[in-house]
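Undergrad: how would this look folded up:
(chains A and B)
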Amino acid sequence: EDQVTQSPEALRLQEGESSSLNCSYTVSGLRGLFWYRQDPGKGPEFLFTLYSAGEEKEKERLKATLTKKESFLHITAPKPEDSATYLCAVRDGANNLFFGTGTRLTVIP
Amino acid sequence: KAGVTQTPRYLIKTRGQQVTLSCSPISGHRSVSWYQQTPGQGLQFLFEYFSETQRNKGNFPGRFSGRQFSNSRSEMNVSTLELGDSALYLCASSLAATYTDTQYFGPGTRLTVL
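TA: Purely as a prediction, here's the structure:
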């Protein structure tokens, strides 16, 4: 069964303390992996799309990487405004889209 | 460019009623998808429309239905509301027909069923 698992469920970091969020997936025929950021009471905001193993994308303090089984979202020197829930979604070969339950990140000043 | 808009932003209904939610996609986007988000289940896919045709459907009962108009605007309807239908309903639009296109989300409609 296709599945997307994100870890940890929650992460508290001190401002400036770098870390990584994980998204592991088991799908047939990956067609794309998407990272979103969601603030409370708002819709998810698109961050990155990755299509193939080895691909990397960067935006400000965020860097997303992809292997054949998982993706990492690296956060370098986070700031309090990076606090949010980060969602991972995977599109499989049958065009189904599966979302993980997210990692709730809190960055403490 | 304006983003995805959803109306209304908040709704309160009672059990047994029906509700219609509206979504206007980003200009030029032809695909619209709907999701239900709850604290326990996370984001769950409801259905996707492209060029007025339902292209994909999630595992939800027939009480949940949708449609898309020629201008790509979409509506979803939930009939005979149940308490468990309380959730944030999100609409997302994407540019074209390929499934790998990135989806951009609206702010959501918060539905509360009493």
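
Undergrad: Show me which residues of chain B are close to chain A?
TA: Within chain B, the positions lying close to chain A (CB under 8 Å from any CB of the partner chain) are B:4, B:33, B:35, B:42-45, B:56, B:88, B:90, B:92, B:99-100, B:102-108, B:110. Just so you know, the C-beta spots here come from the backbone N, C-alpha and C atoms, and that holds for glycine as well.

Undergrad: at 10 Å what do you get?
TA: B:3-4, B:6, B:9, B:33, B:35, B:37, B:39-45, B:48, B:55-56, B:58, B:88, B:90-92, B:98-108, B:110 (CB under 10 Å from any CB of the partner chain).

Undergrad: show me where the chain has strands.
TA: Just going to use chain A. A:3-7, A:10-14, A:19-26, A:32-38, A:45-50, A:56-59, A:62-66, A:70-75, A:84-91, A:97-99, A:103-108 (DSSP state E).

Undergrad: was after chain B, sorry
TA: B:5-7, B:10-13, B:19-24, B:31-38, B:42-50, B:53-57, B:64-68, B:74-78, B:87-94, B:104-105, B:109-113.

Undergrad: ok, the residue nearest to residue B:57 when sequence neighbours are not counted to residue B:66 distance?
TA: Nearest residue to residue B:57 in three dimensions, chain neighbours excluded: residue B:47, at 4.7 Å (CB to CB, 6 or more residues apart in numbering or on different chains). Computed as CB to CB, to the nearest Å, the residue B:47 to residue B:66 distance reads 5 Å.

Undergrad: Which neighbours do these two have in common?
TA: By CB atoms under 10 Å, 6 or more residues apart in numbering or on different chains, residue B:47 and residue B:66 have these common neighbours: B:32-34, B:54, B:57, B:74, B:76.

Undergrad: top of those by neighbour count?
TA: residue B:32 (29 neighbours; other CB atoms under 10 Å in any protein chain shown).

Undergrad: Name the residues of chain A found near chain B, please.
TA: Checking chain A against chain B by CB under 10 Å from any CB, the hits are A:4, A:6, A:31-32, A:34, A:36, A:38, A:41-49, A:51, A:85, A:87, A:89, A:91-102.

Undergrad: In PyMOL, how would I select just the buried ones from these?
TA: Under the burial definition 16 or more other CB atoms under 10 Å in any protein chain shown, those of the residues of chain A next to chain B that qualify are selected in PyMOL by:
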select buried, chain A and resi 4+6+31+32+34+36+38+43+44+47+48+49+85+87+89+91+92+96+97+98+99+100+101+102
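
Undergrad: Fine by me, we can end here.
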